[in-house]
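Student: Structural data only, the sequence is not supplied:
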């Protein structure tokens, strides 16, 4: 079956632009996560949704970052007024339920802010 | 707060040789532990996970890992490496969030190179 998909795969933005990154989780998966992976680093947690509810956003680095999942399926991560330090790969993951269930990762969106 | 240390940034092994990738974690309770592999342009793929029970865990692609509470370690092993195993490997510890989600904290990764 289809895995987690993300679009666009690559995004180049000028500093100050707004960007929107999309995640299509595996159908039926309740939990959805966003992670940020800087060059040479491991992924870092940004936020977590259970269905449409955003239950944890403790990892969002600033109020320029905003995520939503209005219908409990597709999610969008929006970054306003992008800065060079926002350049990273943004990974989306979904899992069927909660707890220790396996998280399935998408291929990521590579964002470069010039 | 939990943390994960992968002390080896790069490792090179010959094809057919054995492999051990080190992982140490810091976590207050019994941890959920994971190993993921990331190939260029690919998403992270789960190799194996430990929640409880048998401390030796078998995973996909011939990998295994052993949980050692006394050493706070969860090292990944493979008896005979194939050229296709060249990739970046991440160890992670899971923390259950309010609402049940499993927040993963990753190490910085180990880049594996396989010499033919």
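Tutor: Nice, thanks for sending it over. Computed from a predicted structure; not experimentally measured. Residues are numbered from 1 along each chain as shown, chains lettered A, B, ... in the order given.
Student: Any idea what residue B:34 is bridged to?
Tutor: Counting by DSSP bridges, residue B:34 forms beta bridges with residue B:49, residue B:92.
Student: which residues does it contact?
Tutor: Contacts for residue B:34 (CB atoms under 8 Å, 6 or more residues apart in numbering or on different chains) come out as B:46, B:48, B:49, B:50, B:91, B:92, B:93, B:94, B:104. C-beta here means a position set from N, CA and C on the backbone, and glycine is covered the same way.
Student: Around chain A, which positions in chain B sit nearby?
Tutor: Within chain B, the positions near chain A by CB under 8 Å from any CB of the partner chain are B:4, B:32, B:36, B:41-46, B:49, B:51, B:90, B:92, B:94, B:96-109.
Student: Could you rerun that using 7 Å?
Tutor: Applying CB under 7 Å from any CB of the partner chain, we find that chain B lies next to chain A at B:32, B:41-44, B:46, B:51, B:90, B:94, B:96-104, B:106-109.
Student: where exactly do the strands run in chain A?
Tutor: A:5-7, A:10-13, A:19-24, A:31-37, A:44-50, A:53-56, A:65-68, A:75-79, A:88-95, A:104-105, A:109-113 (DSSP state E).
Student: now the ones you listed in TSV, with distance to chain B?
Tutor: Output for those, formatted as TSV (distance: least, CB to the nearest CB, whole Å):
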stretch	distance to chain B
strand A:5-7	8
strand A:10-13	11
strand A:19-24	11
strand A:31-37	5
strand A:44-50	4
strand A:53-56	4
strand A:65-68	13
strand A:75-79	13
strand A:88-95	7
strand A:104-105	4
strand A:109-113	9
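Student: Can you convert these into CSV and add a column each for mean neighbour count and distance to residue B:82?
Tutor: What follows is the strands of chain A, written out as CSV (neighbours: other CB atoms under 10 Å in any protein chain shown; distance: least, CB to CB, whole Å):
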stretch, mean neighbour count, distance to residue B:82
strand A:5-7, 18, 28
strand A:10-13, 15, 30
strand A:19-24, 19, 32
strand A:31-37, 24, 26
strand A:44-50, 22, 30
strand A:53-56, 15, 38
strand A:65-68, 18, 38
strand A:75-79, 20, 36
strand A:88-95, 24, 26
strand A:104-105, 22, 22
strand A:109-113, 19, 28
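Student: I'd say residue B:14 and residue B:115 touch.
Tutor: Yes. With contact defined as CB atoms under 7 Å, residue B:14 reaches residue B:115; the gap is 4.9 Å.
Student: which ones are touching the residue located most distally from the centre of chain B?
Tutor: What lies farthest from the middle of chain B is residue B:99; by CA atoms, centre = their mean that is 25.8 Å. Residue B:99 sits next to A:50, A:55 when contact means CB atoms under 7 Å, 6 or more residues apart in numbering or on different chains.
Student: Many thanks, have a good one.
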